[in-house]
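In: sequence and predicted structure, then a few things I'm wondering about:
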Amino acid sequence: MMVDAVKAPQLAIFFTLQLMACSPVQKDTSEADDVLPDMYSSTGEIYYLEPSEREAVEAKASEGDKEALDAIINHYELGGVEDNIGPLMHWLRLAHQRGDQKRLRDLVFFSRDSDLDCTEIVSYFDALQELDPNGASELKAGRVAECLANRQ
């Protein structure tokens, strides 16, 4: 197909406009300097507490500060801490004892990989079963399943 000389410039402009419309827009990155570094952190980095921070947060959590308790639980649950089950279970128990019912599911979930006493695991499972029968039945695995089987 031959394009005549009159239409060639028009086609060139048309194709140029099409390419411009399909090209990604270049954003001014000078504003990125104003964004806090946490915006680019992984979840683990956001919840991880340095040892000095952790000690301060644990002290507040022990005194009854709910935000501190949530922060220390998030540290052990989501902060990328190795060998976290023991400390995590301690803080989850404390939160549950203080009436935080949403932590009951976490207690049962993490009991599957813990060395908690079966009596304690079954008590958490039974309490969750009353609140959320379907949610509790989904967690019958590991130590929870063993303890429930031994109960019968």
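Out: All right, it came through fine. Values in this document were obtained by computation on a predicted structure and should not be read as measured data. Numbers count the residues shown, from 1 in each chain.
In: in the chain, which segments are predicted with low confidence?
Out: The chain contains residues with pLDDT under 70 at 1-12, 14-44, 152.
In: ok, now how distant is the residue positioned nearest the centre of it from residue 106?
Out: Closest to where the C-alpha atoms of the chain average out (Cα atoms, centre = their mean) is residue 78, at 5.7 Å. Distance of residue 78 to residue 106, given as Cβ to Cβ, to the nearest Å: 11 Å. C-beta: built from backbone N, CA, C; applies to glycine.
In: quick one, helices of this protein?
Out: Assigned by DSSP state H, the helices in the chain fall at 7-22, 43-47, 51-62, 66-78, 85-97, 103-111, 118-131, 133-137, 142-151.
In: neighbours of residue 116, how many?
Out: A count of nearby residues for residue 116, using other Cβ atoms under 10 Å, gives 21.
In: contacting residues around the residue lying closest to the residue nearest to the centre of the chain once chain neighbours are set aside?
Out: Setting aside the residues directly before and after it, residue 78 is nearest to residue 47 in space (Cβ to Cβ, 6 or more residues apart in numbering), at 4.4 Å. Shown in contact with residue 47 (Cβ atoms under 8 Å, 6 or more residues apart in numbering): 71, 74-75, 77-80.
In: generate a ChimeraX selection restricted to the buried entries among the residues you listed.
Out: This is the ChimeraX syntax for the buried subset of the contacts of residue 47, where burial follows 16 or more other Cβ atoms under 10 Å:
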select :71,74,75,77,79
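In: which among the contacts of residue 47 gets closest to residue 131?
Out: Set against residue 131, the nearest of those by Cβ to Cβ is residue 77 (19.8 Å).
In: residue 111 is in contact with residue 85, correct?
Out: No - applying Cβ atoms under 8 Å, one finds residue 85 not in contact with residue 111, separated by 9.3 Å.
In: between the two, which one's more packed in?
Out: More crowded of residue 85 and residue 111, by other Cβ under 10 Å: residue 111, with 25 against 17.
In: help me confirm that the more buried one comes into contact with residue 140.
Out: No - counting by Cβ under 8 Å, residue 140 is not a contact partner of residue 111; they are 11.0 Å apart.
In: against residue 97, how distant is residue 144?
Out: Distance, residue 144 to residue 97, using Cβ to Cβ: 20 Å.
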